[in-house]
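> build the 3D model from these lines:
(chains A, B, C, D, E and F)
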There are 6 protein chains.
Amino acid sequence: MSTLTAQNRERLKEISVATLSTALMKKGLRNQVIYGSLPLNPKGPRMVGEAYTLRYIPAREDLDHIKVFEDRSHPQRKGIEECPPGHVFVIDSRKDARAASAGCILVTRLMKRGAAGIVTDGGFRDSPDIAQLDFPAYAVQPSAPTNLTRHHAMDLNVPIGCGDVAVYPGDIMVGDGEGVVVIPAGIANEVAEEGYAMTQFENFVEEQVRAGRTIFGLYPPDEKTRAEFEAYKAKKK
Amino acid sequence: MSTLTAQNRERLKEISVATLSTALMKKGLRNQVIYGSLPLNPKGPRMVGEAYTLRYIPAREDLDHIKVFEDRSHPQRKGIEECPPGHVFVIDSRKDARAASAGCILVTRLMKRGAAGIVTDGGFRDSPDIAQLDFPAYAVQPSAPTNLTRHHAMDLNVPIGCGDVAVYPGDIMVGDGEGVVVIPAGIANEVAEEGYAMTQFENFVEEQVRAGRTIFGLYPPDEKTRAEFEAYKAKKK
Amino acid sequence: MSTLTAQNRERLKEISVATLSTALMKKGLRNQVIYGSLPLNPKGPRMVGEAYTLRYIPAREDLDHIKVFEDRSHPQRKGIEECPPGHVFVIDSRKDARAASAGCILVTRLMKRGAAGIVTDGGFRDSPDIAQLDFPAYAVQPSAPTNLTRHHAMDLNVPIGCGDVAVYPGDIMVGDGEGVVVIPAGIANEVAEEGYAMTQFENFVEEQVRAGRTIFGLYPPDEKTRAEFEAYKAKKK
Amino acid sequence: MSTLTAQNRERLKEISVATLSTALMKKGLRNQVIYGSLPLNPKGPRMVGEAYTLRYIPAREDLDHIKVFEDRSHPQRKGIEECPPGHVFVIDSRKDARAASAGCILVTRLMKRGAAGIVTDGGFRDSPDIAQLDFPAYAVQPSAPTNLTRHHAMDLNVPIGCGDVAVYPGDIMVGDGEGVVVIPAGIANEVAEEGYAMTQFENFVEEQVRAGRTIFGLYPPDEKTRAEFEAYKAKKK
Amino acid sequence: MSTLTAQNRERLKEISVATLSTALMKKGLRNQVIYGSLPLNPKGPRMVGEAYTLRYIPAREDLDHIKVFEDRSHPQRKGIEECPPGHVFVIDSRKDARAASAGCILVTRLMKRGAAGIVTDGGFRDSPDIAQLDFPAYAVQPSAPTNLTRHHAMDLNVPIGCGDVAVYPGDIMVGDGEGVVVIPAGIANEVAEEGYAMTQFENFVEEQVRAGRTIFGLYPPDEKTRAEFEAYKAKKK
Amino acid sequence: MSTLTAQNRERLKEISVATLSTALMKKGLRNQVIYGSLPLNPKGPRMVGEAYTLRYIPAREDLDHIKVFEDRSHPQRKGIEECPPGHVFVIDSRKDARAASAGCILVTRLMKRGAAGIVTDGGFRDSPDIAQLDFPAYAVQPSAPTNLTRHHAMDLNVPIGCGDVAVYPGDIMVGDGEGVVVIPAGIANEVAEEGYAMTQFENFVEEQVRAGRTIFGLYPPDEKTRAEFEAYKAKKK
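Sure thing, here's the model as predicted:
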């Protein structure tokens, strides 16, 4: 679906969500970071992958009882088995963390199937166990109650809202230690390239600031700094 | 879609949302009143009709600009022209009233087309004008900004959440001076009949209480009260 | 319980909640206005009376079903029948308006029994009907669902929190068109007297300001204004 | 400060806040409507005027006691006496309505001095009295406690936030029955002219929709509708 | 008070709060997990014990000053000294974490007296020190201010609300790394047994999923899986 | 600006924010702890220093674009270069963490310039990197988007609100593992001394409680305990 190049996919693993959000702002997109969704394991692997979505609506007591999972077409269960490898499973939980969006068994299955991560604007149950997995998982807070108490899994791979951000299937989801950014599929390569260039420069700036240099003339750079940065890059090669 | 009888449709216009929510609770459904959505004109007409839904997701600056309305397939505009007469237009605005779900021109068109009302868990713009219409409209608060600043109209007549309640197309929406209740289509006749019986009894109780009677033995009724009520009903006929 | 004099009880009907809250602040009490609870009928009668309290805790599905009201010792029903005339029925709903604290039948009964008003930090059902009664009722918003869906009536006439304010049985509750203030029983006479004096002065100030006078030297008053006010009071007698 | 022409000032009294917010969005400004601030008297006069601002910070018990108003340089009192005629007094209350931003005496004085209105993202005390004045006043909710319990008046006529919107002194504040919009001073004439043209067209559309016409081809207009509208305007003159 | 068997008490230490909440949902109880209360030390010991409760109401400046603790009957201090060994001290802080529910000295004393844990829907002060104790403590967030600034300790061992859940004295409180669940005393043995059986099955499922098996037919199990699980259990013995 | 003695500055590093907030409450100041702002690195160094402030107002799209940082007088950048050594950089972000208040480059520069810490009632970007610095930083949550998307840096070193607390330039900011307290400059020495005495006593109490002693008579102390404590202090010297 997305035409993200292999090189840019690798680059996205090295660019922070903060830097990507600035690259997106330069293109007029000010609202691409999922509000409030944080990594269960901040020291776990970085996340990059296409969005595969699940939409929840509110539960209704007669429809959302414990037997529903016996149906193989139940969207939550079906989605876990159908999310393509390399994709990120993104859940619209209407920012309601009072019931779980998923639990450790499903997240483990998703990991085994080769998915790139899981994101909700609600909560996960079994969150201490999920935090142990070598798998990126993002949520607003732990939430022990089963999804059935609040959520009804409605459909798969439709455009959704997640944490006040629009997520279209195929958008590139990138996650690091402070959150998740949504890059529209059509501009993913450009944003990766812009973000890569920005990161190189920020690394140079960090080095200079750690060495005691003022930010004036450095960040943003004046002519002299720009020349220094070119020399720094040349030397790095 | 729904098989609500004409008699029960009329009855629903006489039963309060409060009474209907109790009738639903007796069936195990505790969460059918749309939270926070109130009538713009509390003294306007009662609302009864099948749900016809619109789903919004968050806006994205490059997709949601002023030109989008030129497209006749834009779901908000299309929905206004396709909502069947007698139906209620119900909007999932993700409880975000920072931009309008609709404005007076569209609400007027909906009224002219014979719809039974409009409900959002967000806000309406031109709300003072909408409040003048002889048409039931429910929202959380006035909201002047156009929908494009926050909302992207995504699809029509799919199951949605509205004010933390599940709304399936065809469910019966009933609104009065204090809010809106969602009656699942399959039990609408039963609930209307139960609500009708409850209302008759509550009217009797109100009359008694206004005359100075204690609620003990009256509400809920003991044997003696039940007999009195049967006599009252017989006399009323 | 309270020793509020008859004269001060009458005076409290003429003093605004705003003025009383300032009189309380002068005594070091900064947090006596119930946050968010507004009159259903802003043009209805003023409210003054001793607090009689009901405490709700969260509901539990097995305990809070429709049959509980058959028990005459159910605290909500018992309280409505036992609240002394002249008292205000104050309900701790934990600031949760997602279910009703009471409905029109009970409020009517309370009115008939001679109570002075009803206050909740949640919502009332049948609120359009309650707004028609000649009886002061204060709530955060309309709420159609029966109390059983969220609230369990626990006990009567214990100290409670209401809208983030402590309410002790016997405290003097005063309500006007913009809210409710809680005056600790022990200082009710002093506060009424202070508030009465403040109101006389504010009326004088309002008159002056309407006539075009600056607030400097007037509000608060300098020596000259104080003298004018004394003359004004003398003339009024 | 602003160069709003007299004609455009008059026009702004006829253009809805909703229409103005769309005119602003066309210029890339998506966040100019003050969230949650509604008119105390929805049927009162329209508001148009330059912003004159007051900034509150949180109160501190030792600094914010009842004596502070004796000081003529107290910013709240000073601002009320210095706000230029025709200006709107705009208050940054940090969206905290738990204490009043102002009360009826000060609002009356402001009215007498010829101000064009008052806006807060908090609350007013004496709100039922303020609602009686022939003066536009906007707040989030009634709030009886004196400002001293929560707010410390800090400075006058500096740029502030109000309801999540930036307000610079001299910006044009426009209020109608559903809220307040902030028009940056430098584009006020353009926005007034664009809004005026939009309003003429919307009036035409309303008329057509009331007569039963579909919104397709009408709103937004196709070529044929554009021609009809030109004819309609010609006839109106 | 509770008749929880020693074996079931031990079992509860091995069952996750997530699993217990599902076991409760099977019995129709959808709202037993305390919302937002998380362990200060997620790697600390598990918590199981009967509820012993403290109820706070809002503070009032004249009643809640620093001298109140000198009174031995002050409910917070008395409760800490009277909470029975093996019980969990549960505090109704009205979900207000702006002041502490308790601090390290009292929590240490509770631990020394043999209590099983402490839970609040507010915050604890000295939270970094409490997190070092070998004692389960659950709160919404750290909160340095003393309880007196917001809370007045009202009574001990009455039914309360905690994080929107009803807690009756004697209910079984179970806490793990993601929160706390309240098991009504009367069904504690059944729930422990159901939860124990569920945990055995979930362990089997986890093992299978980690080995790469699909969840279809496994979770929930079909006939074949059920047989496999019986074999697995038999082998385990 | 502040006359905090060197000895008291050292003492403040040993006194908990909890203890200091009680010392302030004894002086009538109940609202000095910044609500919700927690350390990024709870195990990092303690923070003590004078407040140097930055005030943000809401962003406006035409004013807050990526080029603004090229201006050396931009208050955020200027403030980072001008904050005096030993001072704490305190940011009024209007409790809005949807965009960053600052990022790692600026925080590093501040550290290198000898500042004592940084506090916001919003969020920081690059928060995992900031958490690695040997520098106290306090925020409500991680926030990747650049400040420009929500915040406009307005002015430096004016009185502000931060997390609902008034902060005046020169006030003493103290931070530990559970938050930040604001000590008005004029009473900083007194509060440090009172807090120091309280801490000595609390250490004694902790020791006693760990050894199994009841809190009755100990905390608060009776005559006998006071004598014991004097002996304990004498022995410590």
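
> checking A:Tyr138 next. Helix, strand or coil?
Here A:Tyr138 is strand, with the state taken from DSSP: H, G, I helix; E, B strand; the rest coil.

> over to A:Asn41?
coil.

> distance of it from chain E?
Counting by C-beta to the nearest C-beta, to the nearest Å, the separation of A:Asn41 from chain E is 12 Å. The C-beta positions use only the backbone N, C-alpha and C, and glycine is treated the same way.

> next: A:Glu206.
The value you get for A:Glu206 to chain E, if C-beta to the nearest C-beta is used, is 30 Å.

> in which helix or strand would I find that residue?
helix A:188-210 (DSSP states H and E).

> now that helix: how far from the chain's centre is it?
19 Å (C-alpha atoms, centre = their mean, to the nearest Å).

> from chain D, how far off is the residue nearest to A:Ala99 when sequence neighbours are not counted?
Nearest residue to A:Ala99, sequence neighbours excluded (C-beta to C-beta, 6 or more residues apart in numbering or on different chains): A:Arg150, at 3.5 Å. From A:Arg150 over to chain D the distance is 27 Å, taken as C-beta to the nearest C-beta.

> could I get the phi/psi values of A:Arg150?
Taking degrees, to the nearest 10, you get phi -140, psi -30 for the backbone angles of A:Arg150.

> that one: neighbouring residues, count only.
25 (other C-beta atoms under 10 Å in any protein chain shown).

> so who does it touch?
Each residue near A:Arg150 by C-beta atoms under 8 Å, 6 or more residues apart in numbering or on different chains is listed here: A:58-59, A:96, A:98-99.

> looking at those residues, which is nearest C:Phe124?
Within those, proximity to C:Phe124 (C-beta to C-beta) peaks at A:Pro58, which comes in at 24.1 Å.

> B:Ala166 is in contact with the closest one, correct?
Yes: counting by C-beta atoms under 8 Å, A:Pro58 touches B:Ala166, with 4.5 Å between them.

> ok so, going back, check which element follows the helix holding A:Glu206 along the chain.
Next along the chain after helix A:188-210, with elements defined by DSSP H and E, is helix A:223-236.

> quick one: that next one near chain F?
No: using C-beta under 8 Å from any C-beta of the partner chain, helix A:223-236 stays clear of chain F, coming no nearer than 11.8 Å.

> over to stretch A:138-149?
No: taking C-beta under 8 Å from any C-beta as the criterion, stretch A:138-149 and chain F are apart, separated by no less than 10.2 Å.

> now check that stretch, is it near chain E?
Yes: for stretch A:138-149, a contact with chain E is found by C-beta under 8 Å from any C-beta, at A:141-146, A:148-149.

> of these, closest to chain C?
A:Thr149 (11.3 Å; C-beta to the nearest C-beta).

> how close does that closest one sit to A:Pro142?
Remark: distance between A:Thr149 and A:Pro142 (C-beta to C-beta, to the nearest Å) = 15 Å.

> so these two - more neighbours on which side?
Shown here are A:Thr149 and A:Pro142; by other C-beta under 10 Å, A:Pro142 has more neighbours (27 against 22).

> surely the more buried one is in contact with E:Glu178?
Yes: counting by C-beta under 8 Å, A:Pro142 does reach E:Glu178; the two are 3.6 Å apart.

> return the longest strand along chain A as CSV; C-alpha atoms alone will do.
Longest strand in chain A, counting residues (DSSP state E): strand A:47-58. Output of strand A:47-58 as CSV, limited to C-alpha atoms (Å, rounded to 0.1, in the frame of the first residue of the first chain):
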residue,chain,number,x,y,z
MET,A,47,8.4,0.9,15.9
VAL,A,48,8.0,1.5,12.2
GLY,A,49,5.2,0.1,10.0
GLU,A,50,2.1,0.6,8.0
ALA,A,51,-1.2,1.1,9.9
TYR,A,52,-3.7,-1.8,10.1
THR,A,53,-6.7,-0.6,12.0
LEU,A,54,-9.4,-1.9,14.4
ARG,A,55,-12.4,0.3,15.3
TYR,A,56,-14.3,-0.1,18.6
ILE,A,57,-17.7,1.4,19.4
PRO,A,58,-19.2,1.4,22.8
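
> give me the residue ranges of chain A where confidence is low.
Along chain A, segments meeting pLDDT under 70 span A:1-2.

> show me how it divides into domains.
When chain A is parsed with automatic domain parsing, its domains come out as A:33-183, A:191-236.

> with respect to B:Pro159, which of those lies nearest?
Nearest of those (C-beta to C-beta): domain A:33-183, 5.6 Å.

> just give me the neighbour total for the closest residue to chain C within chain A.
Proximity of chain A to chain C (C-beta to the nearest C-beta) peaks at A:Glu61, 9.8 Å away. Using other C-beta under 10 Å, the number of residues around A:Glu61 comes to 18.
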